[in-house]
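Novice: return atomic coordinates for the entry below.
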Amino acid sequence: MTRDPLPDPLLPRRRFLQVGAASAFLCTIGGETVSLSRRGDAAKADAAAARVARPRAAGPTEQQTFTTPEPQPGGQVVEYWIQATTARWTIVPSRRDDWHGKKVPGASTFRAVVYQQMTPGFAAPLGPAAMPGPTLHAEVGDVLRVHFRNALPESLDQALTMHPHGVRYNPEYDGVYLGQYTRAGGFVAPGEEFTYTWEAVPESVGAWPYHDHGPNHTLNTMRGMFGGLVIRPKGEPVPAVEKVLFLHSLAPPVTGLKRQFQCINGRSFAGNTPTITAKVGQEVALHAIGMDNNFHDFHIHGHRWKDSRGGGHTDNPTLGPNETVTARFVEDNPGRWLYHCHVFSHQDAGMAGWYLVE
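Specialist: Next up, the predicted model:
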């Protein structure tokens, strides 16, 4: 379970214990501290975010100018058009847990805030508004040029960003709100656009998250504003089976629902979470990324692989918030397998799925 280091002094101790640490957390938004401990509290955070004024650059550091990087020799510009929007999102669309063959009662639909890939010039959707957002791909030597548009409705009047991990960027393209020290890419208001430029350097090889880092970043990330980056060595073949899997929770203060769901890519319970399929002889790469306040681990039944962070073989590596582990192997074991977080309370609350090998 996730616990705040210190309970909010404004939150009664009994109420804090009732909601449990998995649900209660604090957000600091434009100098305001907002306690999210019960359903409906997200509206308070959104209201605080709407009051955050556009920052004015302050100090000599903020007056620095930077050159927009170009690809290295042999590299290319890889362009994406990504918009932030809302989506009516159902966490358990089948209303069943296929692993245990039982119904999952109660509502599981809420308004998520997500990234959506668009065609060039934001002409039309290229894919659904979904959780997670689109996976962005590049090779070492390339430059990722990500055109971002804040397309939130008027009811969510707040600035958003895209902040990447793993790639190289200068402060202009950090995508982070820094109060009075914020640069242009750290405050993209509704209806505005900004183009981020990120370099895929040799140290970028691997899988990484990106997420909102605007004034209301904690709440927005927890309700769906995240996605993956996959950077490969130049010319490396793409594995036959590759999937980015985010391990995270969707809590009542975030969703307005009555219960907390433990999720993989915004879904709970096998049959709803991603079902991964492979064939014997195929190369498989599964990238698991933590995307909440909890520590998780990533277990695939019947398989083991070389630890991507060094050391020997493993079948249950631990990952923390925004940390990635990669399970990469050549498939040799056919059957129906579970994959799941091995924190028992997480797997039993929905953080599990099927891996099917022909």
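
Novice: for the rest of this, base every contact and every neighbour count on C-alpha atoms.
Specialist: OK.

Novice: need the helices for the stretch 101-250 of the chain, in chain order.
Specialist: Using DSSP state H, counting those that start in this stretch, the helices found in the stretch 101-250 of the chain span residues 217-222.

Novice: who are the contact partners of P55?
Specialist: Residues near P55 by C-alpha atoms under 8 Å, 6 or more residues apart in numbering: 179-182.

Novice: and the gap between it and D292?
Specialist: 28 Å (C-alpha to C-alpha, to the nearest Å).

Novice: again with E203
Specialist: Counting by C-alpha to C-alpha, the gap from E203 to D292 is 25 Å.

Novice: same question for W305.
Specialist: 25 Å.

Novice: same deal with V143?
Specialist: With the distance defined as C-alpha to C-alpha, V143 ends up 29 Å from D292.

Novice: how many neighbours does R88 have?
Specialist: A count of neighbours around R88, defined by other C-alpha atoms under 10 Å, yields 12.

Novice: hey, C-alpha coordinates of the helix or strand hosting it in CSV?
Specialist: For R88, the host element (DSSP states H and E) is strand 77-90. These are the backbone C-alpha positions of strand 77-90, laid out as CSV (Å, rounded to 0.1, in the frame of the first residue of the first chain):
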residue,chain,number,x,y,z
VAL,A,77,13.6,13.2,-37.6
VAL,A,78,10.8,11.0,-36.2
GLU,A,79,7.7,13.1,-35.9
TYR,A,80,4.5,12.6,-33.8
TRP,A,81,1.4,14.6,-33.3
ILE,A,82,0.0,14.0,-29.9
GLN,A,83,-3.0,15.7,-28.3
ALA,A,84,-4.2,15.6,-24.7
THR,A,85,-7.9,14.9,-24.4
THR,A,86,-10.5,13.2,-22.2
ALA,A,87,-11.9,9.7,-22.7
ARG,A,88,-14.8,7.7,-21.2
TRP,A,89,-12.7,4.8,-19.9
THR,A,90,-14.0,1.5,-18.6
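
Novice: mind listing what V78 touches?
Specialist: Counting by C-alpha under 8 Å, 6+ apart, V78 has contacts 138, 142-145.

Novice: that one bridge partners, please.
Specialist: Beta-bridge partners for V78, by DSSP bridges, are L144.

Novice: quick one: it from L144, how far?
Specialist: For V78, the distance to L144 equals 5 Å [C-alpha to C-alpha].

Novice: quick one: common contacting residues for these two?
Specialist: Applying C-alpha under 8 Å, 6+ apart, one finds that V78 and L144 are jointly contacted by A138.
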